[in-house]
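Enquirer: Predicted model and sequence below, questions to follow.
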Amino acid sequence: MGRSSHEAAAVVRVRVPSPLHSYTGARDVAVAVPVLAPEMPPTLGGVLAALDGAYPGIRFRMIDEQGHVRPHIKLFIDTTLTRDLATPLPTGAAVMIVAALSGG
């Protein structure tokens with residue numbers, strides 16, 4: 001079923017770590033996340049899905065085949081660390097993605 005012309009979208013700011021700039025071309029991006037009803041705010045998972053829609057392939061770098069956040073990725077909603085993709089975003093919240101570096 002197509003997107004209704006009455007369906008709203010929340011614009012969410014996302015800070016992307018430098019290892020993923022090859023997807024976005026920028027450190028900070030904004031994505032439109034569908035809002036199905038006012039009482040149902042967008043979720044972290046919805047933001048990542050919208051990010052992947054705008055920048056194909058980026059979600060797989062953060063989320064594994066089982067739908068879990070990869071161990072080297074940290075996700076923040078404003079300043080709160082979360083690994084739960086069902087976490088709702090407060091109005092005006094921003095998402096920050098942090099990728100751990102490793103090597104020797």
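Expert: Done, it's in.
Enquirer: Run a quick neighbour tally on V12.
Expert: Neighbours of V12 under the rule other CB atoms under 10 Å: 22. Where C-beta positions appear, they are placed from N, C-alpha and C, glycine not excepted.
Enquirer: Just list the residues touching it, thanks.
Expert: Each residue near V12 by CB atoms under 8 Å, 6 or more residues apart in numbering is listed here: 30-31, 33, 42, 47, 50, 89, 93-95.
Enquirer: now the residues you listed as JSON lines including secondary structure?
Expert: Listed next are those as JSON lines, based on DSSP: H, G, I helix; E, B strand; the rest coil:
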{"residue": "A30", "secondary structure": "strand"}
{"residue": "V31", "secondary structure": "strand"}
{"residue": "V33", "secondary structure": "strand"}
{"residue": "P42", "secondary structure": "coil"}
{"residue": "V47", "secondary structure": "helix"}
{"residue": "A50", "secondary structure": "helix"}
{"residue": "L89", "secondary structure": "coil"}
{"residue": "A93", "secondary structure": "coil"}
{"residue": "A94", "secondary structure": "strand"}
{"residue": "V95", "secondary structure": "strand"}
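Enquirer: Need the residues you listed in CSV (columns: pLDDT).
Expert: What follows is the contacts of V12, written out as CSV (pLDDT from 0 to 100):
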residue, pLDDT
A30, 96
V31, 97
V33, 94
P42, 93
V47, 97
A50, 97
L89, 94
A93, 95
A94, 97
V95, 98
